[in-house]
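Enquirer: Quick one, structure for this:
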Amino acid sequence: MADRFSDARRREVGDQLRKRRVAADLTLAQLSDRTGFSITKISRMESGLAGYSEVGITVHLAHCGQSSDDIAEVLHLGRETEEGYLVRRTPLSTLVLHENTARSFATAAPFVVPGLLQTEDYTRAIMHAMDDLDESEVAIRVQVRRDRQNLLYRWNAPKFTFYLCEGALRFKLGSNRMMNEQLLHLGFVAERPNVSIRVLPSSAGLGNLCGGHMTLMGFAAHGSVLFAETRVAGLFVENREDIASTRTFLGQLADEALDERQSREFLARVANDYDRPE
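Expert: Okay, here's the model as predicted:
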């Protein structure tokens, strides 16, 4: 497995190495003394900036007190068959890892409002509609999504561009009141200087957008990563041709979408449509 990880996979494995060292209450210097690896090597491994072998991973984790099962779990993260593509059945931790270091986001949302823009009630309605979850699990997932939304408001926040299909805005979840509040929330967030919300009216006729929800994340330290999510898994893509194709597609959306002012007015009209009794 020597240096055959994609960038995303290296970062994911490196994050696991760092977390497990910290959990073992070891400093970089202490682990260096135990393993014989230099502090620089360990730091680069944990940051996903260097390739490494299965032996290196095993030595690192063994000296952090990890069991053979724990070590096998981390090794499995790196054993993907096709470079440039990373599939995760439960993608949240990998997504958060990348979200926290991204400098730009471009999201296309054909069906529902993106998670970073959802109100609590809207998120809760989606959870109930799509998953067989009890209230305690729903509450946990709602809080996780709210925590992720801090990205929009933090100091030196990334730049966000959202392309929302009209169908996503008119797909009713829950009550009229809940949808009205969700649309008003979109209008509020759209006023932020780091957020651009662009609406694609049905008249734009971009049927190929219905391929699914996707987000292209840009980074200062490495290449872009495309995240595409489905009901059963998340896909992280770094393949250069696919990234270039996605940029072209997002450019087409930018050409067809309403501008920011028109989009805010559109959001206000849809919010008004929901401002009525059931």
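
Enquirer: For the rest of this, base every contact and every neighbour count on C-alpha atoms.
Expert: OK.

Enquirer: Correct me if wrong: residue 125 contacts residue 172.
Expert: No: Residue 125 is beyond contact range of residue 172, at 10.0 Å (criterion: Cα atoms under 8 Å).

Enquirer: Output the contacting helices and strands for the strand or helix carrying residue 31.
Expert: Using DSSP states H and E, residue 31 sits within helix 28-35. In this structure, helix 28-35 packs against helix 39-47, helix 54-62, with contacts taken as 3 or more Cα pairs under 8 Å, 6 or more residues apart in numbering; DSSP states H and E.

Enquirer: make it 10 Å
Expert: Other elements packing on helix 28-35 under the criterion 3 or more Cα pairs under 10 Å, 6 or more residues apart in numbering; DSSP states H and E are helix 7-23, helix 39-47, helix 54-62.

Enquirer: Report the set of residues contacting both of residue 125 and residue 172.
Expert: residue 178 (Cα atoms under 10 Å, 6 or more residues apart in numbering).

Enquirer: any idea which helix or strand carries the residue positioned nearest the centre of the chain?
Expert: Nearest to the mean C-alpha position of the chain, by Cα atoms, centre = their mean, lies residue 95 at 3.9 Å. According to DSSP H and E, residue 95 maps onto helix 92-99.

Enquirer: In this protein, what helix or strand scores lowest on average pLDDT?
Expert: Across the helices and strands of the chain, mean pLDDT, DSSP states H and E gives its lowest value to strand 85-88, namely a mean of 76.

Enquirer: gap between that strand and the chain center?
Expert: Counting by Cα atoms, centre = their mean, to the nearest Å, strand 85-88 is centred 13 Å from the centre of its parent chain.

Enquirer: ok, now stretch 212-232?
Expert: Stretch 212-232 has its C-alpha centroid displaced from the chain centroid by 7 Å (Cα atoms, centre = their mean).

Enquirer: From the opening residue of it to its closing one, how far?
Expert: This stretch, stretch 212-232, spans 13 Å end to end (Cα to Cα, to the nearest Å).

Enquirer: circling back: residues contacting the helix holding residue 31, please?
Expert: Under Cα under 10 Å, 6+ apart, the answer for helix 28-35 is 18, 21-22, 24-27, 36-43, 56, 59-64.

Enquirer: now the residues you listed: which count as buried?
Expert: Buried residues within the contacts of helix 28-35, counting neighbours by 16 or more other Cα atoms under 10 Å: 18, 21, 37, 39, 41-43, 56, 59-61, 63-64.

Enquirer: Name the nearest residue to residue 228, ignoring sequence neighbours.
Expert: residue 214 (4.4 Å; Cα to Cα, 6 or more residues apart in numbering).

Enquirer: what about that neighbour, neighbour count?
Expert: 22 (other Cα atoms under 10 Å).

Enquirer: The nearest residue to residue 44 once chain neighbours are set aside: helix or strand, and which one exactly?
Expert: Distance criterion Cα to Cα, 6+ apart; nearest residue to residue 44, sequence neighbours excluded, is residue 50 at 5.5 Å. Assigned by DSSP H and E, residue 50 falls within no helix or strand.

Enquirer: Could you pull up the contacting residues of residue 50?
Expert: 3, 5, 7, 10-11, 14, 41-44.

Enquirer: Need the CA coordinates for stretch 168-188. CSV is fine.
Expert: Provided in CSV are the C-alpha atoms of stretch 168-188 (Å, rounded to 0.1, in the frame of the first residue of the first chain):
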residue,chain,number,x,y,z
ALA,A,168,-36.3,21.8,-4.1
LEU,A,169,-38.0,25.0,-2.9
ARG,A,170,-41.5,23.8,-3.7
PHE,A,171,-41.1,20.2,-2.5
LYS,A,172,-43.2,20.5,0.6
LEU,A,173,-42.0,18.8,3.8
GLY,A,174,-44.2,19.2,6.8
SER,A,175,-46.5,22.2,7.3
ASN,A,176,-46.8,25.4,5.3
ARG,A,177,-45.5,27.3,8.4
MET,A,178,-42.4,25.2,8.4
MET,A,179,-41.7,25.7,4.7
ASN,A,180,-42.4,29.4,5.1
GLU,A,181,-39.8,29.6,7.8
GLN,A,182,-37.3,27.6,5.7
LEU,A,183,-37.7,29.9,2.8
LEU,A,184,-37.4,33.0,5.0
HIS,A,185,-34.2,31.5,6.5
LEU,A,186,-32.8,31.1,3.0
GLY,A,187,-33.4,34.7,2.3
PHE,A,188,-31.7,35.7,5.6
